[in-house]
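Visitor: for reference, the sequence and a predicted model appear below.
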Amino acid sequence: METTQKREAWNKGKLVGQKAPLKPKDIWAIRIHLQNKHAVRDLAMFNLAIDSKLRGCDLVNLHVRDVTHGSQLLSRAMVTQRKTQRPVQFELTEPTRNAVAAWIEKGHLRGDQYLFPSRVGKSPHVSTRQYARIVHHWAEVAGLDASAYGTHSMRRTKATLIYKKTKNLRAVQLLLGHSKLESTVRYLGIEVDDALEISEQTEI
C-alpha cells in the first residue's frame, strides 16, 4: 500500500497577500545604494522594473533587442506578456535608458541575447526565483521588511504612483496590460486606499 506524503503549503510561515509598492523615498534609497555600490546590472534591472511595470517572468525574459534599436535605447518598448499573450507598452525614462545602456556596454551584450543573462549555467537568464531574491535584498537596503515586498511590488510601484497622481484607472489598466478594469482595481487595492484616505481627511 502506497503512502502519500503530505506536502507542506508553499506559503506556510510566509506573509500572504498583495505585496506593497515602493514609496518614492524607498526608490531613491535603493537607487543611491546601487549607484554607490557600482551595481550596474542591478541598477538597470531596478530602473527597468519600475518603468516597465512588467511581471517578473516578463522582465527576466527581455532580450536586448526588446529595448534597443541598433545601438540606441528606445524611449518606448512593447512586449507580449507571457501570462495573457497580450501586448503591453512601456516607457523607458532617461535614467533608465542610461542605466540599461551602461549595463549593455559593461556586459558586452548583443541584440539577440537576454538583457539579464544568468551567472549560473542552468538558466540562460536570471530566473524569477533569483529576481525575487534580488527584490528582497533591495527592500532590505531601503530599511524595509523584506517579507512585505516582492516582485509584484516592482510592478505595482509606478502604477500606484500614477493612479494617485491622476486617478485615471483606464490609463493604469492599459499600462499594466489588464483586460478588465476590475482586475486593475483589485490589483492596486485602490478602493481600500481611497476609503482610508477619505477617512483620514474626515474630522469628527
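Guide: Yep, it's here. Residues are numbered from 1 along each chain as shown.

Visitor: sec struct for residue 119, please.
Guide: coil (DSSP: H, G, I helix; E, B strand; the rest coil).

Visitor: ok, it to residue 187 distance?
Guide: In this view, residue 119 and residue 187 are 32 Å apart by Cβ to Cβ, to the nearest Å. No exception for glycine: its C-beta is placed from N, CA and C like everyone else's.

Visitor: does residue 174 lie in a helix or a strand, and which?
Guide: Residue 174 belongs to helix 169-176 when assigned by DSSP states H and E.

Visitor: count of neighbours near residue 101?
Guide: 16 (other Cβ atoms under 10 Å).

Visitor: work out for me the element residue 101 sits within.
Guide: Assessed by DSSP H and E, residue 101 sits inside helix 94-107.

Visitor: whoops, I mixed them up, residue 88
Guide: strand 87-91.

Visitor: which helices and strands sit right next to that strand?
Guide: helix 40-52, strand 76-80, helix 169-176 (3 or more Cβ pairs under 8 Å, 6 or more residues apart in numbering; DSSP states H and E).

Visitor: out of these, flag the one nearest residue 162.
Guide: helix 169-176 (5.7 Å; Cβ to Cβ).

Visitor: and residue 119 and residue 187? which has more neighbours close in?
Guide: Neighbours were counted for residue 119 and for residue 187 using other Cβ under 10 Å; residue 187 has more, 18 against 9.

Visitor: okay, angle between the helix or strand where the more buried one lies and helix 169-176 too, please.
Guide: Assessed by DSSP H and E, residue 187 sits inside helix 181-188. For helix 181-188 against helix 169-176, the angle by axes from the mean of the first three to the mean of the last three Cα atoms, to 10 degrees is 80 degrees.

Visitor: for helix 181-188, packing partners?
Guide: Where contact means 3+ Cβ pairs under 8 Å, 6+ apart, helix 181-188 is packed against helix 151-166, helix 169-176.
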